[in-house]
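Visitor: structure for the following, please:
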Amino acid sequence: MLNLKIGGVPEHFNYPWYLSLKNKEYTKHNINLRWQDFPGGTGAMCKALREGDIDIAIVLTEGIIKDIIAGNPATITQTYVESPLIWGIHVGAASKFEKIEELADATIAISRYGSGSHLMAIVNAYNHNWDINKLKFKVIGDLQGGIKALTNQEADYFMWEHFTTKPLVENGTFRHLGDCPTPWPCFVIAVRNEVLENNFEEIQKIHEIINNYTTGFKEIKDIDKTLAVRYEQKSEDIQKWLSITDWNVGKPINEKLIADIQNKMLKFNVIEQAEDSDGFIRNMYI
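Guide: Predicted coordinates for the structure are as follows:
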């Protein structure tokens, strides 16, 4: 039995993984795949990949590209979610800020440097023509840290996935000022190079299984109700989220996509240089 560890955020995007693990699909192929939640997000997962604490990560595209450029010994094997991630821009309930345009000099809560909340804050700043070099960040760890930082006015705003944070808007913890969608597919599957080289067929099988689960995921009976209960959201919000979310079901990732994303990241000053896109990817089926 091959032991492998996989990590991802504890959000609705990854429920297909929960179902496949619950049904013991991987053990049928002599793979002992163990899931670890990463409430700290992409930055925490990149660190875990570097240190060998996990073997596979379901990680934000921009975060893993930036970290591979910085030396993370991992490879992108597939796009997982093809649609953009909708980042909500939030302030605390008692905040003086009423509009996104007022946040140019405000302090941004981020889970960690290199995380999605960090990189997308830079993208948002670029979109509003703010001076990116003057952005101020406060590292808060995860969503709970963001709640604490905004409530105690230790930071001014916090960007996190729109639907995950919507209950916090509805209960008055946050106020939602607007959204910033990612200008690229939001999640990819990344694998440590050592694991990929030594266990390619098993990694290939894992991709095949999860792609089978995402293929018909939206058609599962009462999936909106199931997700609403599990993630403490309203069914109508889950239905809207499902309507704008598209999983990749095995289509190979290509060099052009990675090159285009790198060019956008360069434009947004998220990375300082682009690398050969061929070095980022290894497809499972070609």
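Visitor: quick one: the strands in the stretch 151-286 of the chain, in order.
Guide: For the stretch 151-286 of the chain, the strands defined by DSSP state E, counting those that start in this stretch cover 157-161, 174-181, 187-192.
Visitor: columns mean pLDDT and mean neighbour count on top of those, output as TSV?
Guide: In this view, the C-beta of every residue, glycine as well, is placed from N, C-alpha and C. Shown next, in TSV, are the strands of the stretch 151-286 of the chain (pLDDT from 0 to 100; neighbours: other CB atoms under 10 Å):
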stretch	mean pLDDT	mean neighbour count
strand 157-161	97	25
strand 174-181	97	18
strand 187-192	98	28
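Visitor: export these to TSV and tack on distance to Ala94?
Guide: Listed next are these as TSV, based on distance: least, CB to CB, whole Å:
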stretch	distance to Ala94
strand 157-161	13
strand 174-181	9
strand 187-192	33
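Visitor: which one of those lies nearest to Tyr15?
Guide: strand 187-192 (12.8 Å; CB to CB).
Visitor: the nearest residue to Gly116 once chain neighbours are set aside: what's it in contact with?
Guide: Nearest residue to Gly116, sequence neighbours excluded (CB to CB, 6 or more residues apart in numbering): Leu60, at 4.3 Å. When the contact criterion is CB atoms under 8 Å, 6 or more residues apart in numbering, the partners of Leu60 are 41-42, 85, 115-116, 119, 182, 186-188.
Visitor: closest one to Ile69 among the strands of the stretch 151-286 of the chain?
Guide: Smallest distance to Ile69 across the strands of the stretch 151-286 of the chain (CB to CB): 13.1 Å, for strand 187-192.
Visitor: which neighbouring elements make contact with the closest one?
Guide: Counting contacts by 3 or more CB pairs under 8 Å, 6 or more residues apart in numbering; DSSP states H and E, strand 187-192 packs against strand 56-60, helix 61-69, strand 74-81.
Visitor: can you redo these as JSON lines with distance to Phe158 and mean pLDDT?
Guide: JSON lines is the format used below for the helices and strands packed on strand 187-192 (distance: least, CB to CB, whole Å; pLDDT from 0 to 100):
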{"stretch": "strand 56-60", "distance to Phe158": "16", "mean pLDDT": "97"}
{"stretch": "helix 61-69", "distance to Phe158": "17", "mean pLDDT": "95"}
{"stretch": "strand 74-81", "distance to Phe158": "22", "mean pLDDT": "97"}
